[in-house]
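K.L.:
next input, structure requested:
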Amino acid sequence: MTRLVVGAAIVEGGRLLAAQRAAPPALRGGWEFPGGKVDPGEDERAALVRECVEELGVRIVLGDRVGGDWPLQDGYVMRVWLATLAEGVPRPIEHLALRWLSPHELYDVPWLPADLPVVTAIEKLLPRGDA
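P.N.:
This next block holds a predicted model:
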């Protein structure tokens, strides 16, 4: 059975929201997509909406899925959806910091290795500006 983690690629105004991990110690300081583990019996899309309320204090609307199953350590896979904010302003409730990244800033933070290929996939979906 696949152990599932879900992530939200929240895009507003052509910028992508990145979240800096607080824990566990091995991942602290790395940047990731907000999200988390899917509870047993929980719908993966509902889990992602729940995680964003818990981690960021916002409600999101999910769009298209980005790619397929992205492999993580210890038998987990990550599924990522594009998302937009429906309600609230993101706050780092469970993270050290949050940062909105424009297309030319996507690689200005040290993404966790598992998230980096997803960033590359999302880069192709963001509108290009003359920044």
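
K.L.:
how many residues are close by residue 68?
P.N.:
Look at residue 68: counted by other C-beta atoms under 10 Å, it has 9 neighbours. All C-beta atoms are positioned from the backbone trio N, CA, C, and that covers glycine.

K.L.:
surely residue 118 is within a helix?
P.N.:
Yes: counting by DSSP: H, G, I helix; E, B strand; the rest coil, residue 118 is found in a helix.

K.L.:
need the contact list for residue 59.
P.N.:
Residue 59 makes contact with 49, 52-53, 85-88, according to C-beta atoms under 8 Å, 6 or more residues apart in numbering.

K.L.:
with neighbour count added, can I get those in CSV?
P.N.:
As requested, these are exported to CSV (neighbours: other C-beta atoms under 10 Å):
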residue, neighbour count
49, 20
52, 27
53, 15
85, 17
86, 12
87, 10
88, 13
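
K.L.:
among those, name the ones in strands.
P.N.:
Among these, the members falling in strands are 85-87 (criterion: DSSP state E).
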